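Novice: fold the following.
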Amino acid sequence: MKYEHFNISFDCELQVGNYYYNKNMLALSLIGAKTNDNKYAGQHIATLTVNLGNDIGNDSEMPFCCAFVDTNNNPGAEKFIEENQLGTKYTRFGEPVYAHSGFCQCPLYSFDQTKLEALDPKGFAEYKKAYEEYLKEKFQ
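Specialist: Now for the predicted structure:
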């Protein structure tokens with residue numbers, strides 16, 4: 001996957017995970033692809049999502065495979081997500097959902113489960129397990 005940031009092009013791999021706090025929340029990062037000629041191989045390139053909590057309004061919990069996109073620190077995140085068909089903006093009552101971080105509005109995206117699992121099977125499995133454990137604890 002190609003990612004453009006500050007006029008630099010990076011060959012990247014998507015890393016799927018979850019946050020230390022709110023373990024049920026999807027965390028997506030871009031890591032330099034492990035190729036012979038990539039001087040950024042294995043290095044953190046960008047964070048696509050941000051941990052702004054589970055609440056998406058009206059006492060609704062964060063749905064599976066959804067996350068707020070960090071448009072404050074990564075203004076190209078939405079373009080990257082849409083160009084690579086990783087997800088779409090999450091809507092409720094026909095309107096996009098946002099969370100505020102300072103003066104920035106971070107949009108909520110629904111990510112393609114099949115794509116995330118194909119791009120990072122191990123990370124996706126760990127995220128899915130954490131999400132299921134969260135639900136089990138919450139509704140027991």
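Novice: now for the chain, the helix or strand with the poorest mean pLDDT.
Specialist: Every helix and strand of the chain was ranked by mean pLDDT, DSSP states H and E. The lowest is strand 2-5, at a mean of 88.
Novice: can you list contacts of whichever helix or strand comes after that one?
Specialist: Following strand 2-5 in sequence order, the next helix or strand is strand 8-18 (DSSP states H and E). By CB atoms under 8 Å, 6 or more residues apart in numbering, the residues outside strand 8-18 that reach it are 1-4, 24-35, 38, 40, 45-46, 86, 116, 119-120, 123-124, 126-127, 130-131. Where C-beta positions appear, they are placed from N, C-alpha and C, glycine not excepted.
Novice: what angle separates the helix or strand that comes right after strand 8-18 from strand 8-18?
Specialist: Moving toward the C-terminus from strand 8-18, the next helix or strand (DSSP H and E) is strand 26-32. Computed by axes from the mean of the first three to the mean of the last three CA atoms, to 10 degrees, the angle separating strand 26-32 from strand 8-18 equals 140 degrees.
Novice: CA atoms only: put strand 26-32 into CSV for me.
Specialist: The C-alpha trace of strand 26-32 is given here as CSV (Å, rounded to 0.1, in the frame of the first residue of the first chain):
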residue,chain,number,x,y,z
LEU,A,26,-10.0,-0.9,16.9
ALA,A,27,-6.5,0.6,16.4
LEU,A,28,-5.0,0.9,12.9
SER,A,29,-1.5,2.0,12.1
LEU,A,30,0.7,2.0,9.1
ILE,A,31,4.1,0.3,9.3
GLY,A,32,6.9,0.5,6.7
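Novice: alright, that wraps it up for me.
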